[in-house]
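**Q** Quick one: sequence and predicted model below, then my questions.
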Amino acid sequence: MIHRIDHTAISVPDFDAALEFYAGVLGFEVLFRAGWPKGSASIDALVGLEGSASKMAMLQLGDTRIEIFEYQSPTPRPQAPGRPVNDHGITHICLRVSDIDAECQRLERAGVRFNIAVVDLGTERSVYGRDPFGNTLELLERTAGAAAADPPGGARR
């Protein structure tokens, strides 16, 4: 029986910059840092790579956990800048916020590029943008009066 998603993992080109962004800017707490050197056969088998080596950290914000990886080996292919969200794979990470307008301004100063201004969806306001590594983030805020109609942790839209 599956109970919930435990975490989402993101491969990034710069481990320290990713920690600064996700912990320093977005406010995630670094739970632990780890990694492995090249030559670990059991980890190679686990991740399905040959000769892998990586730095990693587990981050948490509320009930959400994100795992950050920077692979040193094998050499990763960079993500296409501006990869469309309709391409196969993880499309975005959604962060529930309050005062979405202020968060947009703060995150723009930290290097997030938003597609457009915040969109009013009726019971929620939303905006999509890119973190400094090209990953898509959605900011989502309940509008006034929506909390009573939206079950805690429940479905949206």
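**A** Alright, I've got the coordinates.

**Q** What strand or helix carries the closest residue to Gln79 other than its chain neighbours?
**A** Distance criterion Cβ to Cβ, 6 or more residues apart in numbering; nearest residue to Gln79, sequence neighbours excluded, is Gly134 at 4.9 Å. Where C-beta positions appear, they are placed from N, C-alpha and C, glycine not excepted. Gly134 belongs to no helix or strand when assigned by DSSP states H and E.

**Q** now Asp101, nearest residue through space, not along the chain?
**A** Leaving aside its sequence neighbours, Asp101 sits nearest to Val118 (Cβ to Cβ, 6+ apart; 6.5 Å).

**Q** Please look at that neighbour and Glu103 and confirm they touch.
**A** No: the criterion here is Cβ atoms under 8 Å, and Val118 misses it with Glu103 at 9.5 Å.

**Q** So between the two, which is more surrounded?
**A** Glu103 (18 against 15; other Cβ atoms under 10 Å).

**Q** and the strand or helix carrying the more buried one, which residues are buried?
**A** Taking DSSP H and E as the definition, one finds Glu103 inside helix 100-109. Buried residues in helix 100-109, counted by 16 or more other Cβ atoms under 10 Å: Ile100, Glu103, Cys104, Leu107.

**Q** In contact with the residue nearest to the first one when sequence neighbours are not counted: list those residues for me.
**A** Leaving aside its chain neighbours, Ile100 sits nearest to Glu141 (4.0 Å; criterion: Cβ to Cβ, 6+ apart). If you count contacts by Cβ atoms under 8 Å, 6 or more residues apart in numbering, Glu141 has them with Arg96, Val97, Ser98, Asp99, Ile100, Glu124, Arg125, Ser126.

**Q** Show the low-confidence segments of the protein, by residue range.
**A** Low-confidence segments of the chain, defined by pLDDT under 70: 2, 145-157.

**Q** can you give me the strands for it?
**A** Counting by DSSP state E, the segments of the chain that form strands are 8-11, 29-36, 53-61, 64-73, 93-96, 113-114, 119-120, 124-130, 136-142.
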